[in-house]
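**Q** sequence and predicted structure below; questions after.
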Amino acid sequence: ARTKICAPVMVSLPEGKLSGASTILDISENAVRIHVRDRDTTMPVMHLGDEVILEIDLGEEEQHYTINGSVIRRASETCIIQLERLFKDGQFVSFAPLDLLELKVGLINYGS
C-alpha cells in the first residue's frame, strides 16, 4: 500500500545531482516514488539497482534526512527508489524501525 504525499527531495546520482526540482509523490513500506517537477525535464537514464542519494529537508533541523537507496523502477518522469540506509552519526546505517517510522510521519505531515 502506498501513501500519497508531496515533499521536496534532491536526488544525487554518482555523476552528480539531478538537475531540476523533484518531489516525493508517495511512500510504501520501504520505497518512495519520485517525480521530476520541471515540465521539460525527464529522469536521467537509470537502471535497476543503480545507487542514488536522497536529500530530504522537511523544514526543521531535526527533520533533514540523507538516504542511500537503489532504483527499482524508472519511467520518463518518475522513478521508484528502495530506501536502504540512513546517514546517521557520520555514516550510513541500516534503517531501524523507529527511523523509518519517523521518516514516514515527517513526510506524511509535511506541509500540513
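**A** On my side now, so go ahead.
**Q** give me the below-cutoff pLDDT ranges for the protein.
**A** 17-20, 38-40, 61, 112 (pLDDT under 70).
**Q** now do stretch 51-58: everything it contacts.
**A** 7-14, 24, 32, 34, 46, 63-71, 81, 83, 103, 106-107, 110 (Cβ atoms under 8 Å, 6 or more residues apart in numbering). (Each C-beta comes from the backbone N, C-alpha and C, glycine too.)
**Q** where exactly do the helices run in this structure?
**A** 97-109 (DSSP state H).
**Q** could I get the full set of strands for it?
**A** 3-13, 16-17, 22-27, 31-36, 51-57, 64-74, 78-88, 91-94 (DSSP state E).
**Q** export the ones you listed to TSV and tack on distance to residue 42 and mean neighbour count?
**A** Listed next are the strands of the chain as TSV, based on distance: least, Cβ to Cβ, whole Å; neighbours: other Cβ atoms under 10 Å:
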stretch	distance to residue 42	mean neighbour count
strand 3-13	13	16
strand 16-17	15	10
strand 22-27	12	19
strand 31-36	7	20
strand 51-57	16	17
strand 64-74	10	17
strand 78-88	10	18
strand 91-94	28	11
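**Q** hey, what's residue 94 bridged with?
**A** Counting by DSSP bridges, residue 94 is bridged to residue 85.
**Q** pretty sure it is touching residue 87, no?
**A** No - using Cβ atoms under 8 Å, residue 94 makes no contact with residue 87, being 11.7 Å away.
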